[in-house]
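# Curious how this folds, go ahead:
(2 chains)
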Amino acid sequence: MKHVIEQLVLSALGKAKNNGDLEIVKEPEIVIEKPKDPKLGDFSTNLAMTLAKPERKNPKVIAEVICKYLKNGGGQVERVEMAGPGFINLKMTRSFFLSRLIQVAESGEDFGNSMVGRRQKVLVEYVSANPTGPLHVGHGRGAAVGNALCNILRKAGYDIKSEYYVNDVGNQMNILGRSTWLRYREILQKAVEFPKDHYQGDYIKDIAREIIDQHGDEFLGKSGDEALPFFREYAAKWVLDGIKTDLKEFRVEFDGWFSEKTLYEDDSVDNALGWLREKGFVYDKDGAVWLKSSAFQDEKDRVIVKQNGDRTYFCSDIAYHQNKIHRGNEKLIDLFGADHHGYVPRIQAVMEALGYNRDIFKALLVQFVSLKRGGEKVSMSTRSGEFVTLKELVDEVGVDAARYFFLSRSCDSHLDFDLELAKKETPENPVFYIQYAHARICNVFLTAQNKGIAVPAGSEVDLSPLVEDEEFALIKNILAFPEVVEKSALALEVHRISHYLHDLVAGFHSYYNRHRVVTENKSLTLARLFLLQCLRITIRNGLALMGISAPEKM
RNA sequence: GCCCCUGUAGCUCAGCAGGAUAGAGCAACGGAUUCCUAAUCCGUAGGUCACCCGUUCGAGUCGGGUCAGGGGCACCA
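Sure thing, here's the model as predicted:
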């Protein structure tokens, strides 16, 4: 909608230039915003103020000139005036909004789609937790944010693929295997010493028991070397399957699961390494191989092949990010837990070393989650296996509430997750507030239906009975949805959707309490039903972006 | 010591590229239900935007510094 206003202002500017009223040496950026006070108008622009310098004129004078030309701009503008230090305020006609509302119903679930993404190919990598244990709530936040981000970017016109990078090689997999092997022996009454750096969680015992159920004690006679590969593979699959199940339960699905192992198998890692060496970005020191990342703004060089010949996690990650680009992705987005922020400059350095613009890689850091029960903090130390898993959280508060809470705060903010609040089915809980609005609308439709009144189609409805201020406030808010999606996509900020929805829905609840929809006045009823239909579409689409259900009944 | 995030109402957080009188929810207080779902609504109260300096017509927003909280500085991933 703001794009339309932009065009209007732009053409007014053009006319002013043609008539010699303004110089306009350089076409300015048009910023359209909403005035704080709706009485001032529907839109405003600070254009005159930004033009003051280049035009060498008083902003107020420029504003008056632009106003003059805006007045002649079509039948859509009802009023235009200069205000304050040089703001230009526009008030649009009713028909301007109503005709756009009709389009909302026609767009249906496509309402909110835009083309800012220009079909740009973007790969979003998220979660990517090591398959050495179940996902905990921190991963849950990353999962919710990554998933919603993909939805939003897709809606904004990007060509999105999502991926989970599975670290299925390396020492931690060996430790996982050995942990399971030791628990296996322990359960079978063998004396074992369980090392501190092994995985302590109870799930390891579950895996061991499962192996005993299926294979009995047949591995007891075997040496560690013989038995460990089996335990490693078994445990890895068990854990990864669990992660997949938990994520699916959490309504998070990926376009791909990328195995780190395959990068070694098809020599991608060696090829990347060779390529970097050829370019002179790699050198040997102290028996290890180093990447000259400091040449690309990283604070120091990084080891990519250890003294013992093992390649580091970072090493295969180089190949992985190269692989992502080779697959035709124009932009890469990685979601990291905030504890990995030190890793970001490293990947950026890799981008440059590989010959790409460092800006095609964007890391999104998701800050920590702390759980609270009532006022009490729930302790969550990863060691000793004493953490709260995503599954436990979902079992306790449900998917909708969990996702909502994860998505309602800026990623930059540490998240205080109040379990008691999330569980409440009362108005204190904002998830229900939004969902309830949807259910309420559905119920109004039901009431109408029982009286033999159907929600009218856009092509046949007469919206002229809509005259209340609250109705137009609602309509304007509905029409702002595509811009919210757009901005959310451009800024990579997921939380804007939930705030928008909450605000949108508040307007509805207020309206609902003041005005009846289904009345004896047929034409008014139809017009209001249509308005609610558009509102319902907007709520549904917004909730869909967040992966939250839109119940028809509560 | 260096780096990243945060600091806005009692609590949890917004504040959209610097813009008009700083917002919402919860909690508190006072009201609303013969009426489409009260999981709702209406009203009241609540602020030195951590602090200092700077940039400019204008700073919660940008820059520098100080303080406080969280996280990170591996031949772990």
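# Low-confidence regions, chain A specifically.
Regions of chain A meeting the criterion pLDDT under 70 cover residues A:72-74, A:375, A:379-387, A:427.
# show me the contacts for the residue nearest the centre of it.
In chain A, the residue lying closest to the centroid (CA atoms, centre = their mean) is A:Leu149, at 2.3 Å. Contact partners of A:Leu149, counting by CB atoms under 8 Å, 6 or more residues apart in numbering, are A:124, A:126, A:333, A:335, A:364, A:492, A:494. (Glycine included, C-beta is placed from N, CA and C.)
# Helix or strand: which one has it?
Assigning secondary structure by DSSP states H and E places A:Leu149 in helix A:137-155.
# Quick one: name the residues of the stretch 51-200 of chain A near RNA strand B.
A:52, A:83-85, A:87, A:89, A:130, A:167, A:170-172 (CB under 7 Å from any atom of the strand).
# And the stretch 201-350 of chain A, by the same measure?
A:285-288, A:299, A:302-303, A:306-308, A:310, A:312-314, A:338-343.
# how about a cut-off of 6 Å?
Proximity of the stretch 201-350 of chain A to RNA strand B, by CB under 6 Å from any atom of the strand, involves residues A:286-288, A:303, A:306-307, A:310, A:312-313, A:338-343.
# and these, which of them are in helices?
In helices, defined here by DSSP state H, the members of these are A:Tyr313.
# my read: A:Ser498 touches A:Met546, true?
Yes. A:Ser498 lies in contact with A:Met546 (CB atoms under 8 Å); the separation is 6.4 Å.
# tell me, what's touching these two both at once?
Common neighbours of A:Ser498 and A:Met546 (CB under 8 Å, 6+ apart) are A:404, A:407.
# Which of the residues of the stretch 201-350 of chain A next to RNA strand B are buried? Put it as a ChimeraX command.
Typed into ChimeraX, the line below selects the buried ones among those, using 16 or more other CB atoms under 10 Å:
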select /A:303,312,313,343
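# ok, the residues of the stretch 201-350 of chain A next to RNA strand B vs A:His326, which is closest?
A:Tyr313 (20.2 Å; CB to CB).
# What residues does that closest one make contact with?
A:167, A:170.
# can you list the domains in chain A?
A:2-92, A:427-546 (automatic domain parsing).
# export those to a markdown table and tack on distance to A:Tyr320 and mean neighbour count?
A markdown table is the format used below for the domains of chain A (distance: least, CB to CB, whole Å; neighbours: other CB atoms under 10 Å):
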| stretch | distance to A:Tyr320 | mean neighbour count |
| --- | --- | --- |
| domain A:2-92 | 38 | 17 |
| domain A:427-546 | 21 | 18 |
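# what about the residue in the stretch 101-250 of chain A positioned nearest to RNA strand B, how many neighbours?
Of all residues in the stretch 101-250 of chain A, A:Asn167 sits closest to RNA strand B, at 3.6 Å by CB to the nearest atom of the strand. For A:Asn167, the neighbour count with other CB atoms under 10 Å is 18.
# What of A:Gly355?
A:Gly355: 10 neighbours (other CB under 10 Å).
# same question, A:Asp202
So A:Asp202, with other CB under 10 Å, has 9 neighbours.
# re the thing from before, farthest pair in the residues of the stretch 201-350 of chain A next to RNA strand B?
Among those, A:Gly287 and A:Ala338 lie farthest apart (CB to CB), at 33.4 Å.
# show me where the stretch 51-200 of chain A has strands.
Per DSSP state E, counting those that start in this stretch, the stretch 51-200 of chain A carries strands over the ranges A:77-83, A:87-92, A:121-125, A:159-166.
# ok, now the stretch 301-450 of chain A?
Taking DSSP E, counting those that start in this stretch as the test, the strands found in the stretch 301-450 of chain A are A:302-305, A:331-337, A:361-366, A:369-373, A:376-377, A:415-418.
# Make TSV from these and add distance to A:Val461 to it.
Shown next, in TSV, are these (distance: least, CB to CB, whole Å):
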stretch	distance to A:Val461
strand A:302-305	63
strand A:331-337	41
strand A:361-366	42
strand A:369-373	46
strand A:376-377	53
strand A:415-418	43
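# most packed of the ones you listed?
Per-stretch averages of neighbours, counted by mean count of other CB atoms under 10 Å, single out strand A:331-337 among the strands of the stretch 301-450 of chain A, with a mean of 22.
# strand partners of that strand, parallel vs antiparallel please.
strand A:121-125 (parallel), strand A:361-366 (parallel) (DSSP bridges).
# between those strands, which one is nearest to A:Glu210?
Comparing these by CB to CB, strand A:121-125 comes nearest, at 30.5 Å.
# tell me which residues of that closest one are tucked away?
Neighbour count says strand A:121-125 has A:122-125 buried, by 16+ other CB under 10 Å.
# Out of these, flag the one nearest to A:Glu420.
Nearest member of these to A:Glu420, counting by CB to CB, is A:Val124, at 32.6 Å.
# Now do the closest one against A:Glu278, distance only.
Noted for A:Val124: a distance of 31 Å to A:Glu278, by CB to CB, to the nearest Å.
# what's downstream of whichever strand or helix holds A:Ala236, the next helix or strand?
Under the criterion of DSSP H and E, A:Ala236 resides in helix A:224-249. Per DSSP H and E, helix A:224-249 leads on to strand A:256-259 as the next helix or strand towards the C-terminus.
# mind listing what's buried in that next one?
Of all the residues in strand A:256-259, those buried under the rule 16+ other CB under 10 Å are A:258-259.
# ok so A:Ser44 is a strand residue?
Yes. Looking at A:Ser44 with DSSP: H, G, I helix; E, B strand; the rest coil, it is inside a strand.
# what's next to stretch A:286-299, contact-wise?
Under the contact criterion CB under 8 Å, 6+ apart, stretch A:286-299 has outside partners A:273, A:276, A:280-284, A:300-307, A:314, A:318, A:345-346, A:348-350, A:352-353, A:358.
# Please identify the buried residues of that stretch?
Result for stretch A:286-299 [16+ other CB under 10 Å]: buried residues A:289-293, A:296, A:298.
# Would you check the distance separating it from the middle of the chain?
33 Å (CA atoms, centre = their mean, to the nearest Å).
# how about the helices in the stretch 451-554 of chain A?
For the stretch 451-554 of chain A, helices defined by DSSP state H, counting those that start in this stretch occupy the ranges A:469-479, A:481-491, A:495-514, A:522-546.
# And A:Ala191, how far from A:Lys222?
In terms of CB to CB, A:Ala191 sits 17 Å off from A:Lys222.
# ditto for A:Phe336
For A:Phe336 relative to A:Lys222 (CB to CB), the value is 40 Å.
# same check, this time on A:Asp197
Applying CB to CB, the value for A:Asp197 to A:Lys222 is 24 Å.
# Same question for A:Phe481.
Between A:Phe481 and A:Lys222 the computed distance is 62 Å (CB to CB).
# Give me the spatial nearest neighbour of A:Pro38, chain neighbours excluded.
Nearest residue to A:Pro38, sequence neighbours excluded (CB to CB, 6 or more residues apart in numbering): A:Ala473, at 7.0 Å.
# Would you confirm that the one you found contacts A:Ser510?
No. The pair A:Ala473 / A:Ser510 is not scored as a contact, 9.2 Å apart, by CB under 8 Å.
# Return the residues in contact with A:Leu220.
Shown in contact with A:Leu220 (CB under 8 Å, 6+ apart): A:185, A:188, A:190.
# Most neighbours of all the residues you listed, which one?
That'd be A:Arg185 among these, by other CB under 10 Å, with 19 neighbours.
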